[in-house]
Every structure is written in C-alpha cells, then in structure tokens.
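Novice: quick one, what's the 3D model for this:
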Amino acid sequence: MNNSVGKRLEQYTVKKSQEVLIVTVKIDGEPDQIAVFKGFSSSLMRPTAYDPDVPVLPDTATIIAIDRIASPYNPDSPRYLQQDISWGDMQVLLSKMGI
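Specialist: Numbering: from 1, shown residues only. I've put the predicted structure just below:
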C-alpha cells in the first residue's frame, strides 16, 4: 500500500508542504478531482471516507492530469506552479525525489 499512487502523491506533499496537488481522475468511469495536501487526500466532488485507510485515489483510477498549486489553495484564484502534468511526467518527478 505504501507504493500506491495515492500514497506516493501524499508523500510528495509531505516533502513539498507549500504545494497542493489537484488530481483530475476518472474512478470507475466517473470524473473526480482530488486535492492532496500535507500528506492527506480529499475528494472535491464526492464524500471522503473518515477512515484514512480507505484510499481516496484507488490504484484503478485513471489520472487525467495533475496541477501543482502554491498553498494556501484558493479555488477562486489558484496560483498554479505547473498545470496539466501527465502521470508519466509526475512519476519521473516522484522518482527524482525518491518517492
């Protein structure tokens, strides 16, 4: 479970605590957006389980894009650091960071 997609993204935000990741995904064919910040994930479009062991971002999800945003996150005027990162490009960044 520590190498799951969601856990890797959460680890990224632990190391980069001044960033928020907004992950646009499809989960079971349904669109979702997930905010990842300081090691925690939360869906912006559907209820998030109280149990932290229930993954918000399952490994079966299809990642469409990832946005890196400076914190604090303001949905009305986000300060983008980088937009529309592919999962492949994000994996390269994670690997360089040892995640």
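Novice: give me the buried positions along the lowest-mean-pLDDT helix or strand in the chain.
Specialist: Counting by mean pLDDT, DSSP states H and E, the weakest-scoring helix or strand in the chain turns out to be strand 40-43, with a mean of 93. Within strand 40-43, the residues that count as buried by 16 or more other C-beta atoms under 10 Å are 41, 43. Placement of C-beta: from N, CA and C, glycine included.
Novice: that strand packs against which elements?
Specialist: helix 5-15, strand 30-37 (3 or more C-beta pairs under 8 Å, 6 or more residues apart in numbering; DSSP states H and E).
Novice: turn these into JSON lines, including distance to Gln91, mean pLDDT and mean neighbour count.
Specialist: Formatted as JSON lines, the helices and strands packed on strand 40-43 follow (distance: least, C-beta to C-beta, whole Å; pLDDT from 0 to 100; neighbours: other C-beta atoms under 10 Å):
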{"stretch": "helix 5-15", "distance to Gln91": "8", "mean pLDDT": "95", "mean neighbour count": "18"}
{"stretch": "strand 30-37", "distance to Gln91": "15", "mean pLDDT": "96", "mean neighbour count": "18"}
